[in-house]
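[1] here is my input, please return the structure:
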Amino acid sequence: MTEQSSRQIAIIGGGPAGLIAAERLSARGHAVTVYERMPTLGRKFLMAGRGGLNLTHSDDREAFVARYREATGWMSSWLEIFTPADLCAWAESLDQPTFVGTSGRVFPKAMKASPLLRAWIARLDAQGVQFRMRHEWAGWGEDGELLFNTPDGEITIDKPDATLLALGGASWPRLGSDGGWADRLRARDVEVHELAATNCGVQIAWSEIMKSRFAGQPLKTISISLNGETVRGEAMISEYGLEGGAVYALSTPIRKALATGYPVTATIDLRPNHRIGEITERIASAKKGQSLANTLRKAGLSPQAIGLLRESGELPGEPADLARRIKATPVTITAQTGLERAISSAGGIAREGLDIGLMLKALPGVFVAGEMIDWEAPTGGYLLQGCFSTGIAAARGIEVWMGLQTQPEDVAVSGVVADEGPHTE
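    Now for the predicted structure:
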């Protein structure tokens, strides 16, 4: 790229979507400045890596894109621009090789986010990316200049050649993404759907016995069903309800069901690997005089599973009926936990307000990436993959809009080749 084609690009938000766009654009010779409201970069990224950084998933393409539910049709094109294989190759280029776990999830071998983030920031520094920390974006001035609140007061940055907003959704607000951008964009005629918690726990009105005895205990190898959808996995009993992967994966149908205003009852299969007939035989074979608790333990139920079963009301006396209750234990969900406890958020900028390069139709020269866009996905690597892929898509869109890229090319992110795909609508 010639010096004449280098442009000034502002990226607002120092999470994965913003940083991967900064890497691509700076590698292409542009002057990139990243503005971040927090004192350090990638805080949510580091939090996600506390239990082992789940970068992406090894699902085949069809299964992978299906995880994005209603957004599958349009997210699939952006996921093709920077695929799970590209993400793994990128991590490898930072000396962070990956492996596929037994669940199909993909992790760096270091099982931490911090080594990867340190190597990433070092690369960005070497490519000339400038960082401005403690810069909270406050919108635009009359002539398109960028306004920021800083510890030294409000400052104004001249309008750059292009701006990328990568401010995140509204979950984990203490880490920097509080959704405060939504009203600023609505004031500029950008359609923003309401931000709501997803990948979050649910509230259930447990008895005092359930809360005092079993809060903090896991429910292993269960399946949860609601409105025709079933998810197998694990959950964790909390004082207020249930947490865990199996619950998070049903966040969308739970949220939609709660929105109707009617009671929401899910069913939990406490023994998903066993048929009703098998469980019935175990219960029926109990010795005369044996307590119900011992009978249920011999049927394979843990003490916390038994506690959950008892929460469903008076238990049937007939073995077959009891087996059916074990296979479909009802729980009434009263609410989802809020954004302050959610792993991610649903809602955001409507797809209809974006062009194929992720530029806001209402604001030429302003692009968006990551969780600001109205897509959602379960945990398991799909969230981070979506942020990385849309970050790359927006970076490509910026160059197309500036007239610097019109054809597929072999340059992606620091040597990682990604299929660029079409560049026109």
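[2] residue 195 should be in a strand, yeah?
    Yes: counting by DSSP: H, G, I helix; E, B strand; the rest coil, residue 195 is part of a strand.
[3] let me see the contact set for it.
    Going by Cβ atoms under 8 Å, 6 or more residues apart in numbering, residue 195 touches 169-170, 179, 182, 339, 345-348. For glycine as for every other residue, the C-beta is placed from the backbone atoms N, C-alpha and C.
[4] distance check, it against residue 53.
    Residue 195 sits at a distance of 25 Å from residue 53 (criterion: Cβ to Cβ, to the nearest Å).
[5] show me where pLDDT drops low in the protein?
    When residues are selected by pLDDT under 70, those of the chain lie in 1-5, 405-425.
[6] who does the closest residue in space to residue 64 that isn't next to it in sequence bridge with?
    Computed as Cβ to Cβ, 6 or more residues apart in numbering, the closest residue to residue 64 that is not its neighbour in sequence is residue 57, at 6.3 Å. Beta-bridge partners for residue 57, by DSSP bridges, are residue 105.
[7] run a quick neighbour tally on residue 57.
    As a burial measure, residue 57 scores 24 neighbours (other Cβ atoms under 10 Å).
[8] for residue 41, which non-adjacent residue is spatially closest?
    Closest to residue 41 by Cβ to Cβ, 6+ apart is residue 14, at 4.0 Å.
[9] doesn't residue 38 make contact with that neighbour?
    Yes: between residue 14 and residue 38 there is a contact under Cβ atoms under 8 Å: 7.3 Å.
[10] hmm, the residue nearest to residue 64 is touching residue 106, no?
    Yes: using Cβ under 8 Å, residue 57 makes contact with residue 106 at a distance of 6.1 Å.
[11] re earlier: show me the contacts for the residue nearest to residue 64.
    64, 67, 84, 104-106, 380-382, 385.
[12] and residue 52, by the same measure?
    Residues in contact with residue 52, defined by Cβ under 8 Å, 6+ apart, are 107, 111-112.
[13] please pick the buried ones from the residues you listed.
    Neighbour-count burial (16 or more other Cβ atoms under 10 Å) is assigned, among the contacts of residue 52, to 107, 112.
[14] closest one of the contacts of residue 52 to residue 397?
    Nearest to residue 397 among these, counting by Cβ to Cβ, is residue 107 at 29.8 Å.
[15] let me know whether that closest one touches residue 98 as I believe.
    Yes: counting by Cβ under 8 Å, residue 107 sits close enough to residue 98 to count as a contact (6.3 Å).
[16] for residue 24, see how far away the residue nearest the centre of the chain is.
    In the chain, the C-alpha closest to the average C-alpha coordinate belongs to residue 383, at a distance of 3.3 Å (Cα atoms, centre = their mean). Residue 383 sits 20 Å away from residue 24, going by Cβ to Cβ.
[17] now do residue 125
    Counting by Cβ to Cβ, the gap from residue 125 to residue 24 is 16 Å.
[18] how about residue 402?
    Residue 402 is 14 Å from residue 24, by Cβ to Cβ.
[19] repeat for residue 146
    Applying Cβ to Cβ to residue 146 and residue 24 gives a distance of 21 Å.
[20] okay, these two: which has more neighbours?
    residue 24 (26 against 21).
[21] what's the overlap in contacts for residue 57 and residue 106?
    Joint contacts of residue 57 and residue 106 (Cβ under 8 Å, 6+ apart) are 84, 381.
[22] returning to that earlier point: anything in contact with each of residue 107 and residue 98?
    By Cβ under 8 Å, 6+ apart, residue 107 and residue 98 have these common neighbours: residue 55.
[23] hey, what's in contact with both of residue 14 and residue 38?
    With Cβ under 8 Å, 6+ apart as the test, residue 14 and residue 38 both reach residue 133.
[24] which one's more surrounded, these two?
    Taking other Cβ under 10 Å, residue 14 and residue 38 do not tie; residue 14 has more neighbours (30 against 19).
[25] in three-state terms, label that one for me.
    With three-state DSSP as the criterion, residue 14 reads coil.
[26] ok, now residue 123?
    Per three-state DSSP, residue 123 ends up helix.
[27] quick one: it from residue 92, how far?
    13 Å.
[28] with neighbour numbers in mind, choose between the two.
    residue 123 (18 against 13).
[29] right, I'll leave it there.
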